[in-house]
Structures are given as C-alpha cells and as structure tokens.
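In: Mind folding the following:
(one chain, ligands or ions: 2)
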Amino acid sequence: MKWWQKAVVYQIYPRSFQDSNGDGIGDIRGIIERLDYLEKLGINAIWLSPVYQSPNDDNGYDISDYEAIHPEFGTMEDMNELIAEAQKRSIRIVMDLVVNHTSDEHHWFQEAKKGKDSPYRDYYIWRDPVKGKEPNDLKSTFSGSAWAYDKTSDQYYLHLFSEKQPDLNWKNEKMRQDIYNMMNFWLEKGIGGFRMDVIDLIGKEPDEKITGNGPRLHEFLQEMNRKTFGHYDVMTVGETWSATPENAELYSGSDRGELSMIFQFEHIALDQESISKWALKDLDLVELKQVLSKWQIALGETAWNSLFWNNHDTPRIVSRWGNDQAFRVESAKCFAVLLHLMKGTPYIYQGEEIGMTNRPVRNISEVNDIESINMYKEEMRNGKTAEALLNAINYKGRDNARTPMQWNDQENGGFSTGEPWLAVNPNFTEINVEQTLADEQSVFYMYKDLIQYRKENETVVRGSYNLLLPDHQSVFVYERVYNENRLLVIANLSTEENTVELPEISKESTIRFSNYDRQVVDAKQCTLAPYECFVVDVK
Ligand code: TEU
Ligand code: CA
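Out: Ligands and ions are numbered 1, 2, ... in the order given. As a prediction, this is how the structure comes out:
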C-alpha cells in the first residue's frame, strides 16, 4: 500500500484560512501558525489551493508565474518554511497544479499575443474567425463564448474559463516541457504531490467541440508521470468532471503510469435538473447511495477512490444535504461518518470539521465569485428574476465555501484583524474552532476520531464495500468487510425518526461511533433518531 491510500487530506483555501498581517487576506504565515491545529486533527496532507503569482481574476486559478508566490500570500521563503514545518508534523503539502490554462498576464501569453510569429503563439489555441464570428459555439464555464477576439491578429483564442484564463495548447511539445520543468522545480522542494486542476480538459479538440476526455489525454498524463512525479513518492489527484468508473481505471489503475486517483463529480451533480449547476432539484438519497456505491465497487480493487463532500467550488455539505439549523451538529457527523468509513482517500475542506455552513447573501453586490457574478448578469439579460438567481447562488454559489475560517468568537472570527476580503459568516459567534475544541461532543472530535480510526483499522482501508437497504429513502446503510472483520455503518439523513431492519448483530458486537450516545441496537427493529448515525464493529 502507498502512504496516500491510508492518508486523510485537508484542503486549504489560503485566502480564507488565516490572515497573519491584518490585510484581510489569508496567507502562508497564517497557515504555519495553524499547523498545530491540523496536527491535532490528525491529517496527513494539505491540498493547498493556488498561492502563485496571479492577477486574481479567478482567485489564483489564473496563474501569471508558476514559480513565484503572490505577495498577498507571502514569499518563497514562507513557502519553503511551510513545507518544512508541515514535514516536522508529518504533514505533506500537495500543490494545486493549474495547467489547463494560465493567466493572460503570464509572460507566455503576453508574448503569444504579440502576433502570429511569436515563438509562444502556439502555446495557446488560436483560430481564425468563421464568417466574421467565433470559430464555433463552445461555451465558457463562466458564461458566454469560450472564444475571445484578439484585434491585433484578427484571431480568437480559446478560454474554457474566464477571458483572463487562456487555454494552453497541450499539443505543443515545448510548452509541455516547460510545464514539466516547472513541476520538477516544485517536486525538488519536497512537496507531497499535486492536485491537478481540470486535468481532463488538456486533451481537448476544440474544433470538434471535445473538451473533457480528449483523444491524447492519457498519453499526456503518462508523459507527465515519466518526466516529473513518477520519480518521487508523491500523490497525484486529478480533478476530472468527466470521469466515469470506466475511464477512472485509465487515470488511476495501478499499472497505468498516470495518477494516484481522481476526483469524480457524479454525486455532486445529483441535485441539478440539467447540465447547469444552477438548475436546482432536490437530492434523491436513493440515487446518492447508488452513485457512491457504484464508485466504491468499481474502483475497489484495481484503482483508487477519492472521497469528498465539498470543496472550494461547492456549497457546504451540512447546508446542502444536511440540516444547518436544528440538526447541524448531528447531520455534520452523519456526513463525516459516511465518508470516512468508505474505501478511498478522504478529503476534508477547511471548516467542514467544525460544521461550517453556507453564508446566504441578499444582494448580488455581496457576491465576489466570478462564476456567480457572470451567471447573474447573463440570466438577468435572459429575463430571470433577481430573487430566483440569488436563491440559486445562496444554495450553490462558490462564495458559500469561501467565507473565512471561523477560529473564535472575537473580531472577524479570529481570521483577521483587518477587514476580510469576503465577509465572515455571522454565525462565527457560535460556530468556531475554539468552541468546537472545548466541547468533547463536537463535530471536530468526531472527525479526529474517524481519522485516528482509519490509521489503526485495516477494514476501513482495505475492506470490501456492500450497500444495504438500497431502496430506503432516508437511511444510508453499508458494511465494510475484511477477513473476519465487519463494520456496519448506519446514518439516518432525515429530520424524522426512521425504523429499519438491520442484519443480525451478535451480543459481543460493539458500537464504535455514535452521535446520540447509543448503547444498544435492536437489529430487527432499529429506530433511528433524526440524523442519527452509528457504527457497529460486528463480532
Ligand atoms: O474547477 C473546475 C470547474 O469546472 C469549476 O469551474 C466548476 O465547474 C464550477 O466551479 C462548479 O461550481 C477548477 C477549480 O477548482 C476552480 O476553482 C477554478 O475556477 C476552475 O478550475 C478554473 O481553474
Ligand atoms: Ca494577510
């Protein structure tokens, strides 16, 4: 087994984690100050969202220099210190690798823009106009056309995200080599690996309107592996919105020479009507169980799952599929237990471990995120009402997860002594790290306990997975089996009581995790309280 198969990863969105100098922006020194907290939680690696030089059109996912730290976040010395200080605590730093696109302020693009003869021209994707218009109707994820017009050359360049994020041309060998050199620069610093932003898009064929899963994708990943991280004991996780259980094996099969694992997003799309994330629909728990179980089983032996409920692009899980009011603590624990006892590498998004919630807004002026703002403008032009759009943004918008980390009940939740770049969720007075550490029954200690349990328990790491009661509308039950050992995981994801029949449980069995202090289980007729979860170590 590899180290990352037994690891738990914690995602830090640095802008919102901890500000150390009062400018309202989280920074690397702030992260260093909080490493003891993360060590206490017990995580093994940090996925660090981008800290590179960037004009911040998409909060750092638009990089203008891959080998420089944005001064807002600190210096390269701070970065080196973070890697070293984390290492002292057995925590590895996994860097965000954003190589589907750069910033338009990257010097490659600045050069490329100079004209058709620029040596960097072909580092990006340029096309002539078709009948005086965009080459085709490819759309940007951030609304509008994916093609931007460049007057100087009378050509369009491709940007699958914002106009300030031109797509790199992976067919250009020199460009690829430059990327590999940059990756080796980071690997030589002793980082723990890479999380690879929208990596499934690098094989695109824009003329055929193929974006995800292009024909040369796996060839590029194999080359990248050979020329960079394949020589290091690191983890790699690809962000792949187009992943299916079948192609997941291509990315992460142990004999493929590609990645350690990928993020699949099938479960993330279950509460939308259409391809648009903004077309809201209620979650059907039966579907959620089906999808997660399918992935558990498909990648059980030959490949590896990554497990997550939320990240910096998605809403907070307690607010999304749990209950962030009366049952906030109970439902946060249900999602923790369900995820952390599955097979794969679990990811915790900052604040999830204390049950942080979405932060609703009343007006578009309070929104910072480019995706939400562009969608709002476009849909207002299409005649939608501000009320409907804000409703969607409050449920799904990316700012929900990006509000500052809530450390204590002091000014700005202890995040900053200055004005935070994005307002702190007003519930910081009740929901914060200090409070959660002082309460033995808190969400934090459930996470800590689950992380510790994974370190000691072979069944959690290696056991097979089996879904029980697949058709139950509210209760999620599965078992993990390894040799003679069996764990039964039960969670009632509903505000109602529910009574279910469980498989027989011998008297010697013990209850391992419980969010209601449960002592006994009547398997024939087990009544679960609202958002009750527990785990039985079946003997
Ligand atoms: O996200 C990829 C992506 O497709 C997202 O834009 C996603 O569709 C959307 O946010 C769902 O709400 C990655 C990064 O995680 C994201 O933060 C970046 O904005 C994006 O790539 C561009 O780099
Ligand atoms: Ca700062």
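In: The stretch 301-450 of the chain: strands as residue ranges?
Out: 306-307, 345-349 (DSSP state E, counting those that start in this stretch).
In: Let me know the average pLDDT across stretch 146-156.
Out: Computed over stretch 146-156, the mean pLDDT rounds to 97.
In: Which pLDDT does the model give Ser274?
Out: 89.
In: what about it, neighbour count?
Out: Neighbours of Ser274 under the rule other CB atoms under 10 Å: 9. Backbone N, C-alpha and C define where each C-beta goes, glycine included.
In: can you redo the strands of the stretch 301-450 of the chain as JSON lines with distance to ligand 1, mean pLDDT and mean neighbour count?
Out: Putting the strands of the stretch 301-450 of the chain into JSON lines (distance: least, CB to the nearest ligand atom, whole Å; pLDDT from 0 to 100; neighbours: other CB atoms under 10 Å) gives the following:
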{"stretch": "strand 306-307", "distance to ligand 1": "14", "mean pLDDT": "98", "mean neighbour count": "23"}
{"stretch": "strand 345-349", "distance to ligand 1": "11", "mean pLDDT": "98", "mean neighbour count": "24"}
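In: burial of whatever residue of the stretch 51-200 of the chain ends up closest to ligand 1, as a residue count?
Out: In the stretch 51-200 of the chain, the residue that lies nearest ligand 1 is Tyr61 (3.4 Å; CB to the nearest ligand atom). Look at Tyr61: counted by other CB under 10 Å, it has 24 neighbours.
In: do the same with Gly300
Out: Close neighbours of Gly300, defined as other CB under 10 Å, add up to 16.
In: Write out the residues of the stretch 201-350 of the chain neighbouring ligand 2.
Out: Within the stretch 201-350 of the chain, no position is adjacent to ligand 2 by CB under 5 Å from the ion.
In: Contacts only, for the closest residue to Arg121 other than its chain neighbours.
Out: Take Arg121 and drop its neighbours on the chain: the residue closest to it by CB to CB, 6 or more residues apart in numbering is Ala112, 5.0 Å away. Counting by CB atoms under 8 Å, 6 or more residues apart in numbering, Ala112 touches 118, 120-124, 166.
In: residue of the stretch 101-250 of the chain with the smallest distance to ligand 2?
Out: Nearest to ligand 2, among the residues of the stretch 101-250 of the chain, is Ser103, at 20.9 Å (CB to the ion).
In: For Asn363, which non-adjacent residue is closest in space?
Out: Leu390 is the one closest to Asn363 (CB to CB, 6+ apart), at 7.6 Å.
In: Domain map for this protein?
Out: Following the assignment in the TED database, the chain carries domains at 3-101+175-192+281-446, 107-158, 463-538.
In: and Ile490, which of the three is it?
Out: Of the three states, Ile490 takes strand under DSSP: H, G, I helix; E, B strand; the rest coil.
In: What's opposite it in the beta bridge?
Out: Beta bridges link Ile490 to Val477, Phe534, judged by DSSP bridges.
In: Just confirm it contacts Val535, I think it does.
Out: Yes: contact status for Ile490 versus Val535: in contact at 7.3 Å, counting by CB atoms under 8 Å.
In: more neighbours, those two?
Out: Using other CB under 10 Å, the more surrounded residue of Ile490 and Val535 is Ile490, with 26 against 23.
In: show me the residues around the more buried one that make contact.
Out: By CB under 8 Å, 6+ apart, the residues touching Ile490 are 475-477, 500, 502, 526, 528, 533-536.
In: Identify, from these, the entry nearest to Gln325.
Out: For the contacts of Ile490, the residue nearest Gln325 by CB to CB is Cys533; the value is 17.9 Å.
In: In this structure the closest one contacts Ala491, no?
Out: Yes: counting by CB under 8 Å, Ala491 is a contact partner of Cys533 at 3.8 Å.
In: Now the common contact residues for the two.
Out: Joint contacts of Cys533 and Ala491 (CB under 8 Å, 6+ apart) are 334, 337-338.
In: Which of those residues sits closest to ligand 1?
Out: Closest to ligand 1, out of all of the shared contacts of Cys533 and Ala491 and judged by CB to the nearest ligand atom, is Leu338, at 22.2 Å.
In: Can you check the pLDDT for the closest one?
Out: pLDDT, read off for Leu338, is 98.
In: Make residue 1 into 763 and carry on from there
Out: Got it, the first residue is 763 from now on, which makes the last one we talked about Leu1100.
In: Please name the spatially closest residue to the most centrally placed residue in the chain (chain neighbours excluded).
Out: Centroid-nearest residue in the chain: Asn1073, 3.5 Å away (criterion: CA atoms, centre = their mean). Of all residues not flanking Asn1073 in the chain, Tyr1111 sits nearest, at 5.2 Å (CB to CB, 6+ apart).
In: For Gly976, which residues are in contact?
Out: Counting by CB under 8 Å, 6+ apart, the residues that Gly976 touches are 963-967.
In: Buried ones among the residues you listed?
Out: Using 16 or more other CB atoms under 10 Å as the burial test, these include 963-966 as buried.
In: My guess is the residue nearest to the centre of the chain contacts Gly1113. True?
Out: No: the pair Asn1073 / Gly1113 is not scored as a contact, 11.4 Å apart, by CB under 8 Å.
In: which neighbours do these two share?
Out: Shared contacts of Asn1073 and Gly1113 (CB under 8 Å, 6+ apart): Ala1163.
In: residues in the chain within reach of ligand 2, list them.
Out: Counting by CB under 5 Å from the ion, the residues of the chain that sit close to ligand 2 are 781, 783, 785, 787, 789.
In: before we move on, back to that, tell me the spacing between the residue of the stretch 863-1012 of the chain closest to ligand 2 and Glu1196.
Out: From Ser865 across to Glu1196, the span is 38 Å (CB to CB, to the nearest Å).
In: Have a look at these two and say which one is more surrounded.
Out: Counted by other CB under 10 Å, Ser865 and Glu1196 do not tie: Ser865 has more neighbours, with 27 against 15.
In: contacting residues around Tyr1109?
Out: Here Tyr1109 is in contact with 770-773, 809, 1068-1070, 1073 (CB under 8 Å, 6+ apart).
In: Where do the strands of the stretch 763-912 of the chain begin and end?
Out: According to DSSP E, counting those that start in this stretch, the strands that the stretch 763-912 of the chain contains are 771-774, 807-810, 814-815, 827-831, 854-859, 888-889, 909-912.
In: Can I get those strands in JSON lines including distance to Asp899 and mean neighbour count?
Out: As requested, these are exported to JSON lines (distance: least, CB to CB, whole Å; neighbours: other CB atoms under 10 Å):
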{"stretch": "strand 771-774", "distance to Asp899": "34", "mean neighbour count": "25"}
{"stretch": "strand 807-810", "distance to Asp899": "34", "mean neighbour count": "26"}
{"stretch": "strand 814-815", "distance to Asp899": "32", "mean neighbour count": "21"}
{"stretch": "strand 827-831", "distance to Asp899": "32", "mean neighbour count": "17"}
{"stretch": "strand 854-859", "distance to Asp899": "30", "mean neighbour count": "24"}
{"stretch": "strand 888-889", "distance to Asp899": "13", "mean neighbour count": "17"}
{"stretch": "strand 909-912", "distance to Asp899": "9", "mean neighbour count": "18"}
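In: Thanks again, I'm all set now.
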